[in-house]
Each structure stands twice: as C-alpha cells, then as structure tokens.
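>>> Predicted model and sequence below, questions to follow.
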Amino acid sequence: MVNRISASYKSRTPTFHLAEPPRYSYLEMPAHLIHTSDEPGPDSDFEQLLGGLVSSSSGAGGLLLLTCFDGRLSSPILAQQGGKQVRHQTGKPVDGHETDFTYLVCNPLSGQVSRVPIIGYTTNILRDTHMGLLAQSDRSRGLPDRFAVARLYSENKMVRFLSDTGEWDLAQGASGPCQHRLACRIGISLYHEVLAFAGRLWWVDLTCGAMSADPFSNWTETHFVELPKDSVLPEAARRAEAKLLFNYRRMGVSDGRLRYVELSQREPFVLSSFALDEEGSGDWTLEHRVALSRVWAADGGAHPWLPLQGDTTPHIGVLDPLNANFIHIIVGQHVIAVDMQAGKVIGSSVLPSHMNHLGFIPCTLASTPIPSSTGNDDMHFLSAKKVDPAGTVSKKERIALVNLTI
C-alpha cells in the first residue's frame, strides 16, 4: 500500500522501496522528471516547492498515477548571517505564479515511469490532483494495450489524455437535467483518490456517492451510485466536513467489488463495511460490523497505540484490494491491520514521526508494462529495493503501501 503524501526531497534516480504491509513502501522520483519553470534566484523573496503525491491506481494492472507539482512560496529574506540567508518562510503561495503540474504513470515493480505529455494550453481546470488512471486491454485478462488519464468536471464533460492518440482532449455528452437528485450536488472529495473499477473511473463524494464514466469513450455518459441510505449527509456538510469525512469514510475496490467503509468517531469505534450489489442495482449489502475497541480488548489490550492519547481516534487507512475481510487502520503513527471477519489484529507497524499521511493508495503489484503512448517516448526506469532485502516478492507483498518523495 502506498502512502499518498510526498516530502520535498530531491533524489538522483527513480527508486521503489518495497516493504510488506502493514509497513509502507515508497517511491523516490528525481526532480528532473517534473516539468518546471525557471527556478527562483538566490536573492529572490520566494522559494521553489517541489512535491507530489500518489493520486490513484489503475487497479489489478499495478500502475500508479503520480501527480507532481512545482510551486513558489513567499519567503522574504530578512538578513544575512555567516554567508547564509535568514528567511521568513510564510508558507503562502506567490501571487501570479501558476503551479506547474506533471503527471507520471509508473509501475513500481517493472520499473517503468512514463511522463504524460504536458498539456498544450494553460488552464487552471487541469491543475489539480483529481485525475484518475485506467488501463484497457483488447483481450480478456490480457496485458493492457492503452491507458487513459482523465478528470470529470460534470455529468457531460471530461478532460482526458489517451495513450492511443498521445494527446489531451475534451469528451462531452448530452446536456440536460441531472439523472439523480444527488448527482446534481456531487463534488469531488478533496482527499479521496479516483477509483478504477469495471472499466470505468469513479469520482467519489463522501457525503453522497460516486460518479463514474468511461474515459475511453468519445461520448461521456455518467452513472451515479448513492452511498448506503443512512450514510448520505445533508448538502451543507459537503465543505464543512470534507477532510474529517476522509478520515472516517472510504470507498475502494476489494476482491473484485466496489466497497464502502465507515468508522464511528466515538468509543467503541464501530467499523462498518458494505459491498455494492454486483447486479448493478445500486444497492449496498452490509458485510462486516465490528467494534475496534472490543477487537483490541480481545487481544488483551497490550497494544503500543493504547491507551489513546488526547483526542487521538482511529482513522481509515486503506481497504485491502485482494481480501475484503482486511482493512488497515491508522491510530496516531501506528498502522494496524485488522481482520474484520475474525475480529482480530493481524499486524501493525509504526510510521516515522515526521510523516504526514492522508491514508494510502492500494497497489496490487504486477509486472505489467506501461502501454506506449503515441508520439511520446518519454520513458524512464526506476530501481527496486526491498526494505527487507532477503527473499523475493511474496504473495502478501503483491499489495504495497507506498509513499512518494521528490
């Protein structure tokens, strides 16, 4: 599983550091892969900020979409001391500077990194992290022949890059009233990744549901799936609770089905897991409901994250993409693997104290080659290193928790 947040470090070569869950794996990407504008001069009152995150996964194919950015922060020089500048680092963006975004398609196991061509015109619409990645094969269960990177903006408008054409374009559908009463208010949850499932990309709003579309189709036709009835929130909750909801709600793909999990915010911290009906009715079935406090107590309660400190509460980390009974929970700096069916803890790890986290991206590792992009030969290769160097990639390690540093 992949930790989404990056730190602003500069590495010399692309590298994948693999660890067995519930420990996290991470990627290092060199700065030269990012499209950047001119760096600020040494006497400038602003500094360059290079960063990025793992935005989404293509699913079973093992491809990741990385969103990297080159920004500017206000950092006025206050004085010179011993040949070094003393700056006031405000953390505020520089007015008038448009952050440059670079999208990279990566297979951390095969070592391929493909840089998506830069968008040929300037628009703030395309400068964000809400892109999804989907691969497609011409043969059943065959290697992918193409991929798409796409962003949905409404029920009938999608900006996309297709590897078959090597270009960005706009795919539109019929205009008209919303197909579903909740679809009219859907807004993409800021912190939730775009999901790849059933040949479509899914954009999630954790207050009401998810909107899906086929990025390979020249006609944008969207489908909306509402959350379980008792989980739909009033429209007023959309903005006020966006970040909070990401900690306690998550949608994902596990064991070949779309699933939704939510976690209560008070003792005994009840975790509920639902599966979407395979017949396409839009109905959800409750599969698991377990109280985390009781799970921990059943193990004797001798866990390093207990007792909970201050206002610390459990957060959802990621759904296991292969086993619908497993989920990873974050408590403070601890990642905890829980078997919801058995009602027990099956593993834990500790995150570095300096690491910020917004959960993880599930990555099912596979040596799938990245489909070539028409007119684009911008392919790079990374090296793979195991945090535990002994042995080969085990079945369990086919799932990775990954962090990106630049």
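Done, it's in.
>>> low pLDDT regions in the stretch 251-400 of the chain?
354-358, 375-400 (pLDDT under 70).
>>> What ranges does it have for its strands?
Taking DSSP state E, counting those that start in this stretch, the strands of the stretch 251-400 of the chain run over residues 257-263, 270-276, 284-291, 315-319, 326-331, 334-339, 344-350, 360-364, 379-381, 383-386, 399-405.
>>> got a markdown table for these, with distance to His192 and mean neighbour count too?
Placement of C-beta: from N, CA and C, glycine included. Compiled in a markdown table, the strands of the stretch 251-400 of the chain are given as follows (distance: least, Cβ to Cβ, whole Å; neighbours: other Cβ atoms under 10 Å):
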| stretch | distance to His192 | mean neighbour count |
| --- | --- | --- |
| strand 257-263 | 11 | 21 |
| strand 270-276 | 16 | 20 |
| strand 284-291 | 17 | 16 |
| strand 315-319 | 11 | 24 |
| strand 326-331 | 15 | 24 |
| strand 334-339 | 19 | 22 |
| strand 344-350 | 23 | 15 |
| strand 360-364 | 11 | 26 |
| strand 379-381 | 28 | 14 |
| strand 383-386 | 28 | 14 |
| strand 399-405 | 17 | 26 |
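>>> Figure out which of those strands is closest to Gly301.
Gly301 sits nearest to strand 344-350 of all the strands of the stretch 251-400 of the chain, at 10.7 Å, using Cβ to Cβ.
>>> which helices and strands does the closest one pack with?
helix 292-298, strand 334-339 (3 or more Cβ pairs under 8 Å, 6 or more residues apart in numbering; DSSP states H and E).
>>> between those, which one is nearest to Gln85?
Judged by Cβ to Cβ, the one of these that comes nearest to Gln85 is strand 334-339, at 38.6 Å.
>>> got the angle for the closest one vs strand 284-291?
120 degrees (axes from the mean of the first three to the mean of the last three Cα atoms, to 10 degrees).
>>> Can you name every helix or strand that strand 334-339 contacts?
In terms of contacts (3+ Cβ pairs under 8 Å, 6+ apart), strand 334-339 is packed against strand 326-331, strand 344-350.
>>> Can you say which of the helices and strands packed on strand 344-350 is nearest to Gly347?
Gly347 lies closest, by Cβ to Cβ, to one member of those: strand 334-339, at 4.2 Å.
>>> mind saving the C-alpha coords of the closest one as CSV?
Only the C-alpha atoms of strand 334-339 are listed here, as CSV (Å, rounded to 0.1, in the frame of the first residue of the first chain):
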residue,chain,number,x,y,z
HIS,A,334,0.6,3.3,14.0
VAL,A,335,-0.8,1.4,11.0
ILE,A,336,-2.9,-1.5,12.2
ALA,A,337,-4.1,-4.4,10.0
VAL,A,338,-7.5,-5.7,11.1
ASP,A,339,-9.3,-8.9,10.1
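>>> Quick check: pLDDT value at the residue sitting furthest away from the middle of the chain.
Here the chain reaches farthest from its C-alpha mean at Gly82, the gap being 42.9 Å by Cα atoms, centre = their mean. Listed pLDDT for Gly82 reads 82.
>>> In contact with it, which residues are there?
Contacts for Gly82 were tallied using Cβ atoms under 8 Å, 6 or more residues apart in numbering; there are none.
>>> just so I know, which of the helices and strands packed on strand 334-339 lies nearest Pro93?
Nearest to Pro93 among the helices and strands packed on strand 334-339 is strand 326-331; the distance by Cβ to Cβ comes to 28.5 Å.
>>> got a list of contacts for the closest one?
1, 21-22, 261, 263, 271, 273, 292, 305, 308, 312-320, 335-340, 346, 351, 357, 359-360, 401.
>>> how does it look with 7 Å?
1, 21-22, 261, 292, 305, 312, 314-320, 335-340, 357, 360 (Cβ atoms under 7 Å, 6 or more residues apart in numbering).
>>> now swap in stretch 343-363 and tell me
Here stretch 343-363 makes contact (Cβ under 7 Å, 6+ apart) with 1-5, 22-24, 54, 56-57, 62, 64, 108, 191, 193, 252, 290, 295-296, 298-299, 316-319, 321, 328, 330, 333-339, 399-402.
>>> for the stretch 51-200 of the chain, which spans come out with low pLDDT?
Scanning the stretch 51-200 of the chain for pLDDT under 70 picks out 120-129, 176-177, 179-190.
>>> Distance check, the nearest residue to Ala213 once chain neighbours are set aside against Ala210.
Leaving out its chain neighbours, the residue that sits closest to Ala213 by Cβ to Cβ, 6 or more residues apart in numbering is Thr222, at 4.9 Å. Distance, Thr222 to Ala210, using Cβ to Cβ, to the nearest Å: 10 Å.
>>> The two: who's more crowded?
When neighbours are counted by other Cβ atoms under 10 Å, Thr222 and Ala210 differ, and Ala210 comes out ahead with 27 against 22.
>>> hang on, the more buried one packs against Val204?
Yes. With contact defined as Cβ atoms under 7 Å, Ala210 counts as touching Val204 (4.7 Å).
>>> about what we covered before: next, format the helices and strands packed on strand 334-339 as CSV and append distance to Ala31.
As requested, the helices and strands packed on strand 334-339 are exported to CSV (distance: least, Cβ to Cβ, whole Å):
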stretch, distance to Ala31
strand 326-331, 29
strand 344-350, 29
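>>> Select, out of those strands, the one closest to Thr374.
Of all the helices and strands packed on strand 334-339, strand 326-331 comes closest under Cβ to Cβ, at 38.2 Å.
>>> Each with direction, which strands does that closest one pair with?
If you go by DSSP bridges, strand 326-331 pairs up with strand 315-319 (antiparallel), strand 334-339 (antiparallel).
>>> Let me have those strands in TSV, extended by distance to Ser75.
What follows is the strands paired with strand 326-331, written out as TSV (distance: least, Cβ to Cβ, whole Å):
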stretch	distance to Ser75
strand 315-319	32
strand 334-339	34
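>>> Of the ones you listed, give the one that comes closest to Val113.
Nearest of these to Val113, taken as Cβ to Cβ: strand 315-319 at 22.6 Å.
>>> hmm, who's touching that closest one?
The contact list for strand 315-319, computed with Cβ under 7 Å, 6+ apart, reads 1, 247-248, 250, 252, 254, 259, 261, 263, 327-330, 335, 359-360, 362, 401.
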